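K.L.:
Can you look at this prediction? I've put the sequence above it.
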Amino acid sequence: MALRNIVKAGDSILNKVCRPVTKFDSKLHTLLDDMAETLDNADGVGLAAPQVGIMRRLALVLETNVGEDEDEFVIEFINPEILEVSGEQKGAEGCLSVPGEYGIVTRPDYVRARAQDRNGEWFEYEGTGLTARCMCHEFDHLDGHLFTEKCERMLTPEELGMSGDGE
Ligand code: NI
């Protein structure tokens, strides 16, 4: 595995619509493994392929809603589609491509999505709370959108002491 460079806001690659993944091969698996290592190294909760310069529809989301004795785990979403959303949450959100900045974004509190796994098998996943927020944020990246387009205001330096997680 290897770390990939994270593309920063201002690079036009982050504003483009990604293409579907069609090959579920070892190259894809290497990309997913590298992205997982990059996400872990950056201490983030999500990472989308365009953030490492790959214009394909795939993203990683860290599942943080786990029991005390369980480890958080990374979900691999390939060609994801949101099937259902409900509820609403309003809170601070960040992005590994927008380091050090956080803004208030309203997102659904529940998201049900379908996607393919690394072998091309379709599955459904339900996320709540931070996981639902992160799924929306990462899937937005695949259509060229950043959270800064959806945020009602950015946090002030004084508020940053109570900021959220990087996505
Ligand atoms: Ni992001």
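P.N.:
Here it is on my side, so go on.
K.L.:
Can you show me the strands along this protein?
P.N.:
Assigned by DSSP state E, the strands in the chain fall at 46-48, 58-63, 73-86, 89-95, 98-107, 110-116, 122-128, 153-154.
K.L.:
Which elements pack onto the last one?
P.N.:
Looking back up the chat, that one is strand 153-154. Secondary-structure packing of strand 153-154 (3 or more Cβ pairs under 8 Å, 6 or more residues apart in numbering; DSSP states H and E): strand 98-107. To be clear about C-beta, it is placed using only N, CA and C from the backbone, and glycine gets the same treatment.
K.L.:
Only alpha carbons, please: show the strand it packs on as CSV.
P.N.:
Extracted in CSV, the C-alpha atoms of strand 98-107 (Å, rounded to 0.1, in the frame of the first residue of the first chain):
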residue,chain,number,x,y,z
VAL,A,98,-10.1,22.0,2.4
PRO,A,99,-7.7,21.6,5.3
GLY,A,100,-8.3,23.5,8.5
GLU,A,101,-11.7,25.0,7.4
TYR,A,102,-15.1,23.9,8.6
GLY,A,103,-18.6,25.1,7.8
ILE,A,104,-22.2,24.5,9.0
VAL,A,105,-24.0,22.1,6.6
THR,A,106,-27.4,20.6,6.9
ARG,A,107,-27.6,17.0,5.8
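K.L.:
helices or strands up against that strand?
P.N.:
Using 3+ Cβ pairs under 8 Å, 6+ apart, strand 98-107 sits against strand 89-95, helix 130-142, strand 153-154.
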